[in-house]
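Chemist: predicted model follows, preceded by the sequence.
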Amino acid sequence: PSRLQRQGRYTRESMRHPGKMLPAIAAQVITAFTEPGDLVIDPMCGIGTTLVEAVHLGRDAAGVEYEPEFVHLTADNLRHAHAQGATGTPQLMCGDARNIATICAPLRGKAALALTSPPYGSYTHGHVRSGRDNGGGSLIKRHHRYSADRGNLAHRPLPALLDGFGQILAGTATLLRPAGAVAVTVRPIRVKGELVDLPGQVIDTAARHGLVLTGRHAALLAGLRDGGW
């Protein structure tokens with residue numbers, strides 16, 4: 001579970017983010033596509049999972065995040081990573097990733113990997129306590145909204161959200177060195193009860209913005225109990 005993957009490695013406060021990337025997936029992708037000393041970029045870095053895993057693996061990292069609250073949480077997580085011995089050098093900027101080519105202009109042509117995840121609309125599953133968890137009380141949801149700022153891309157309808165994400169991918173691609181890669185972690189979602197193939201839509205969006213698909217990989221998640229599945 002995400003909670004156990006983050007325990008002791010990330011600050012407790014950073015669990016407030018509603019759509020965190022799993023650290024194990026981030027570490028796997030970074031290890032597969034980069035070498036120690038390479039630069040890894042996340043244009044929508046949230047609370048910094050990509051950056052934290054990169055610096056722990058001896059890679060340098062750069063991230064952009066729209067929400068000032070999440071920027072502060074990322075900075076705290078990076079300080080915690082270095083206190084634990086992480087050796088990579090991070091850079092962190094607050095801004096709109098749709099302008100990443102300008103925000104990160106000094107990094108143009110330097111990144112080996114861009115690793116990110118799109119927002120899943122203005123709210124997500126979040127943290128839920130059901131009657132089973134709280135003595136028969138009502139359902140309680142916490143930390144399930146990305147932002148109250150209507151300028152946040154997460155508030156746009158899905159077609160506009162995908163178009164904005166495509167702009168981000170295209171801008172991020174300008175920061176890659178030759179043979180650099182963009183990796184996106186994404187899962188299907190439900191919109192008004194309807195199951196949406198968001199991974200497929202992200203692939204189509206990336207193609208419209210000039211990126212070429214080179215691989216699609218599934219991360220299978222399962223609970224482990226008493227040494228078994």
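Modeler: Looks like it arrived, so ask away.

Chemist: where in this protein is pLDDT low?
Modeler: Scanning the chain for pLDDT under 70 picks out the ranges 17, 121-152, 229.

Chemist: scan it for its longest strand.
Modeler: Taking DSSP state E as the criterion, the chain has its longest strand at strand 176-184.

Chemist: what is whichever helix or strand comes after that one packed up against?
Modeler: With elements assigned by DSSP states H and E, the helix or strand that comes after strand 176-184 is strand 189-191. Applying 3 or more C-beta pairs under 8 Å, 6 or more residues apart in numbering; DSSP states H and E, we find strand 189-191 packed against strand 194-196. For the C-beta atoms, the positions are set from N, CA and C on the backbone; glycine is no exception.

Chemist: what helices and strands are in contact with the strand it packs on?
Modeler: For strand 194-196, the elements it packs on are strand 189-191, judged by 3+ C-beta pairs under 8 Å, 6+ apart.

Chemist: ok, now with 7 Å
Modeler: Counting contacts by 3 or more C-beta pairs under 7 Å, 6 or more residues apart in numbering; DSSP states H and E, strand 194-196 packs against no other helix or strand.

Chemist: which residues touch the longest strand of the chain?
Modeler: Here strand 176-184 makes contact (C-beta atoms under 7 Å, 6 or more residues apart in numbering) with 29, 33, 109-117, 169, 172-173, 202, 211.

Chemist: report the buried members of those.
Modeler: Buried by 16 or more other C-beta atoms under 10 Å: 29, 33, 110-117, 169, 172-173, 202, 211, out of the contacts of strand 176-184.

Chemist: now, these that are in helices?
Modeler: 29, 33, 169, 172-173, 202 (DSSP state H).

Chemist: show me which of these is closest to residue 189.
Modeler: Proximity of those to residue 189 (C-beta to C-beta) peaks at residue 202, which lies at 11.0 Å.

Chemist: contacting residues for the closest one?
Modeler: If a contact means C-beta under 7 Å, 6+ apart, then residue 202 has 118, 184, 186 as its contacts.

Chemist: what about the residue lying closest to the first one once chain neighbours are set aside, which helix or strand?
Modeler: The one in question is residue 118. Excluding the flanking residues, the one nearest residue 118 by C-beta to C-beta, 6 or more residues apart in numbering is residue 165, at 4.7 Å. Residue 165 is located in helix 158-173, with elements delineated by DSSP H and E.

Chemist: buried set for that helix?
Modeler: Along helix 158-173, these residues count as buried under the neighbour rule (16+ other C-beta under 10 Å): 161-173.

Chemist: of those residues, closest to residue 103?
Modeler: Nearest to residue 103 among the buried residues of helix 158-173 is residue 171, at 8.7 Å by C-beta to C-beta.

Chemist: pretty sure the closest one is touching residue 102, no?
Modeler: No. Using C-beta atoms under 7 Å as the test, residue 171 is too far from residue 102 to be in contact (8.1 Å).

Chemist: can you pull out the strands in the chain?
Modeler: 39-42, 60-65, 90-94, 111-116, 127-129, 140-142, 176-184, 189-191, 194-196.
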